[in-house]
Every structure is written in C-alpha cells, then in structure tokens.
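> structure, please.
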Amino acid sequence: MRLRKTPGVAEAIKSYEDIVFLRGHTGGELMKQDQLELEVGTGRGTFLATLAAQRPDSFFVGIDYQTEVLYYAARKIREQALKNVRLIEGDAAGLEHWFGAGQISAVYINFCDPWPKTRHVKRRLISRVFLEKYRKVVKSDAKLYFKTDNGQLFAFALEEFTACGLNIISKTEDLRCSGYKNPGVTEYELKFYKLGMPVYFCEAAFSGT
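Okay, here's the model as predicted:
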C-alpha cells in the first residue's frame with residue numbers, strides 16, 4: 001500500500017543514517033555480514049523489530065522503496081535501541097547491489113501488494129522473477145516465509161515456488177489456528193485477526209540453490 005507523501009520526511013530520515021541506507025549508498029557495511037535475515041517490503045518495521053528484539057544475536061535487514069514507511073520503521077528501531085537491524089531505501093529488484101552470493105539465510109515476505117492484473121504479474125514479490133533474484137543472494141539452506149490475506153495470491157505463490165524448485169515445508173490457510181509457531185506478527189496481521197480474517201502462510205526452502 002502506498003502512503004501519502006509526508007512533508008519533511010525525506011529530510012527527517014537523514015537523521016537515521018546509522019539505521020537506514022538511503023538511495024545511492026554503496027551498502028558496504030552489509031557486505032561484511034556473513035549471515036543476514038531479510039524482510040522484503042518491511043513497511044513500518046513492526047515485524048522486523050519484533051524478530052530483532054527476540055533474537056539479539058542475529059542480524060536483520062529490511063528493504064522498502066517507500067521513504068515514509070522506512071522513516072517510521074527507523075524511528076521504531078531507535079526507540080527500542082535495537083543494534084541488530086538495518087534498513088534499505090530501495091527496490092528488491094536490485095538486491096545484488098546490496099548483498100553477495102550466499103549471504104542471506106532467510107527471506108520474509110509479509111502481505112505484499114498482490115498486483116492483481118495479469119500484466120503486472122512480474123511485479124509480485126513472490127513471482128518467479130523475484131524468486132530468481134533471491135536465489136542469487138541466499139544460502140543453499142535458506143528459507144522463505146510468506147504471509148498474505150489474499151487466497152488467489154497464495155495459490156499463485158505456491159505454483160511459483162514449485163516451478164522455481166523451492167521445497168514447500170509447511171503451508172496453511174489459517175495461520176492463527178494452525179499450531180505453527182509464528183515468528184512475528186505484522187500490523188496488517190493484527191488487523192486481519194481482529195476482523196476475523198484468515199492469514200495464509202507458507203514456509204519454503206531454496207533447495208538446489
């Protein structure tokens with residue numbers, strides 16, 4: 001979802017350059033990390049901050065092209081004094097600019113834009129176009145965790161995962177009632193639970209990478 005542009009955010013986010021790699025940055029610091037967990041489309045950072053707080057010995061990175069949401073995510077990370085999180089202002093299509101081969105151990109995609117029109121299929125973050133981009137930077141045993149409230153997108157994702165050689169480890173059409181240990185809850189997820197809506201979830205492995 002696109003947010004309205006907030007006056008002053010483009011300037012305000014510069015005060016978070018210890019947390020956010022802004023457009024044009026080289027990303028050299030990230031290249032020094034040998035094991036990262038990546039959230040694609042990090043939004044306001046609730047999910048990423050939760051994981052980082054629960055697992056202080058792991059290192060997390062979130063990427064999003066919307067400056068507005070990254071500003072709120074960065075503010076949240078600083079308020080919680082989390083030292084194991086970085087954010088990238090950028091497009092997931094350019095992951096190779098930021099990461100090297102075999103650097104990512106887990107990829108999280110939460111409630112991404114479904115891009116429902118056929119001509120926009122390649123823009124879906126779980127399309128084979130993006131899966132091949134993830135494959136270039138993940139470890140051989142890396143996992144992909146996907147959540148959505150959209151049943152059609154979920155069915156599409158399962159087809160794409162299989163077509164790209166990912167091994168589907170676990171899947172459910174109602175995460176809350178599945179008994180699966182949920183790694184972290186997003187703002188959208190809380191909203192859907194309050195409305196009584198199911199959340200679709202899949203865990204897959206990049207086997208054969």
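> for the nearest residue to V138 once chain neighbours are set aside, name its beta-bridge partners.
Take V138 and drop its neighbours on the chain: the residue closest to it by CB to CB, 6 or more residues apart in numbering is I104, 4.5 Å away. Backbone N, C-alpha and C define where each C-beta goes, glycine included. Note on I104: beta-bridge partners by DSSP bridges are L36, V138.
> for this structure, which spans come out with low pLDDT?
Low-confidence segments of the chain (pLDDT under 70): 1-7, 26-29, 31, 208-209.
> how about a cut-off of 50?
In the predicted model of the chain, residues 1-3, 209 satisfy pLDDT under 50.
> where do the helices sit along it?
Secondary structure of the chain by DSSP state H: the helices cover 9-12, 28-31, 46-54, 67-79, 95-98, 128-135, 151-163, 187-194.
> what is the burial count for the residue nearest to V138?
Per other CB atoms under 10 Å, the neighbour tally for I104 reads 26.
> now tabulate the helices of the chain in a markdown table and tack on distance to V61.
Shown next, in a markdown table, are these (distance: least, CB to CB, whole Å):
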| stretch | distance to V61 |
| --- | --- |
| helix 9-12 | 21 |
| helix 28-31 | 7 |
| helix 46-54 | 8 |
| helix 67-79 | 11 |
| helix 95-98 | 8 |
| helix 128-135 | 13 |
| helix 151-163 | 22 |
| helix 187-194 | 19 |
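> re earlier: surely the residue nearest to V138 is in contact with S140?
No - if you go by CB atoms under 8 Å, I104 and S140 don't touch, sitting 11.2 Å apart.
> bridging residues for R86?
Bridge pairing for R86 - DSSP bridges - gives V61.
> residue contacts, it?
For R86, the contact set (CB atoms under 8 Å, 6 or more residues apart in numbering) comprises I19, V20, F21, E29, L30, F59, F60, V61, G62.
> let's see 10 Å
For R86, the residues meeting the contact criterion (CB atoms under 10 Å, 6 or more residues apart in numbering) are 18-21, 27, 29-30, 33, 36, 48, 52, 59-63, 74, 77, 98.
> is it true that V107 touches K136?
No - taking contacts as CB atoms under 10 Å, V107 lies outside contact range of K136: 11.8 Å.
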